[in-house]
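K.L.:
Dropping the sequence and predicted coords here.
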Amino acid sequence: MTENTPRCLVCQETSQEIPLLKLEYQEQEYYICPQHFPILIHQPQKLVGLLPGAEKLQGHEH
Ligand SMILES: [Zn+2]
């Protein structure tokens, strides 16, 4: 059984504790908090192992 409580995929905080942004990726839904959202933009490789398929994401080039 997996619980359905939305949690930040990085820090596991729930929407009871912090506002969560909902993501859709590969027909799955994920949640991430504003604190960790920049990681998705700039350092998605850090999400490998947390977000399935994250290794396909390209970080923003500076
Ligand atoms: Zn977080």
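P.N.:
Perfect, I can see it now.
K.L.:
The chain: strands as residue ranges?
P.N.:
21-25, 28-32 (DSSP state E).
K.L.:
Can you list the buried residues in the last one?
P.N.:
This points to strand 28-32. With burial defined by 16 or more other C-beta atoms under 10 Å, the residues of strand 28-32 counted as buried are 30-32. Where C-beta positions appear, they are placed from N, C-alpha and C, glycine not excepted.
K.L.:
ok, back up a step: which one of the strands of the chain lies nearest to the ion?
P.N.:
strand 28-32 (6.1 Å; C-beta to the ion).
K.L.:
which stretches of this protein aren't confidently modelled?
P.N.:
Applying pLDDT under 70 to the chain flags the ranges 1-3, 60-62.
K.L.:
before we move on, the earlier item: need the strands of the chain in CSV with distance to Pro52, can you?
P.N.:
Below are the strands of the chain laid out as CSV (distance: least, C-beta to C-beta, whole Å):
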stretch, distance to Pro52
strand 21-25, 8
strand 28-32, 7
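K.L.:
Next, give phi and psi for Cys11.
P.N.:
Backbone torsions for Cys11, taken as degrees, to the nearest 10, come to phi -100, psi -10.
K.L.:
Also Gln35?
P.N.:
Dihedral angles for Gln35 - degrees, to the nearest 10 - are phi -70, psi -30.
K.L.:
That one: how many residues sit nearby?
P.N.:
Number of residues near Gln35 (other C-beta atoms under 10 Å) recorded here: 13.
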